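# No sequence on hand, only this structure:
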């Protein structure tokens, strides 16, 4: 289930405040039911899915970390 623009704006504001980072941005996914995409600046960091379980709505954030990205540390 795709997120609405209003939902994306609320989640974006929530994440910006939670992580004290105004560079966190959400963008619509590619396609009808695609999850919203999450960026920090220009860096893609994950996706957010909308779940509706018998009227109980939740949002799941999926963030993959590549092993090659960890080699920098």
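Noted; the coordinates are in hand. All of these numbers come straight from a predicted model, not from anything done at the bench.

# my read: residue 44 touches residue 37, true?
Yes. Counting by Cβ atoms under 8 Å, residue 44 touches residue 37, with 6.3 Å between them. Any C-beta I mention is one placed from the backbone N, CA and C, and that applies to glycine too.

# Other residues contacting the lengthiest helix in the chain?
When the chain is parsed with DSSP state H, its longest helix is helix 5-18. Outside helix 5-18, the residues that touch it by Cβ atoms under 8 Å, 6 or more residues apart in numbering are 3, 21-22, 24-28, 36, 38, 48, 50, 59.

# Pull out the buried positions in the longest strand anywhere in the chain.
Assignment by DSSP state E gives strand 43-53 as the longest strand of the chain. Neighbour counts using 16 or more other Cβ atoms under 10 Å place 47, 48, 49, 50 of strand 43-53 among the buried residues.

# tell me the contacts of the third one?
Remark: with contacts taken as Cβ under 8 Å, 6+ apart, residue 49 is in contact with 1, 35, 59, 60, 62.

# Residue 26 against residue 44, yeah?
No. Residue 26 is beyond contact range of residue 44, at 11.4 Å (criterion: Cβ under 8 Å).

# Need the overlap of contacts for these two.
Common neighbours of residue 26 and residue 44 (Cβ under 8 Å, 6+ apart) are 37, 38.

# Check which helices and strands the helix or strand containing residue 38 sits against.
If you go by DSSP states H and E, residue 38 is part of strand 36-40. The elements that strand 36-40 packs onto, with contact taken as 3 or more Cβ pairs under 8 Å, 6 or more residues apart in numbering; DSSP states H and E, are helix 5-18, strand 24-27, strand 43-53.
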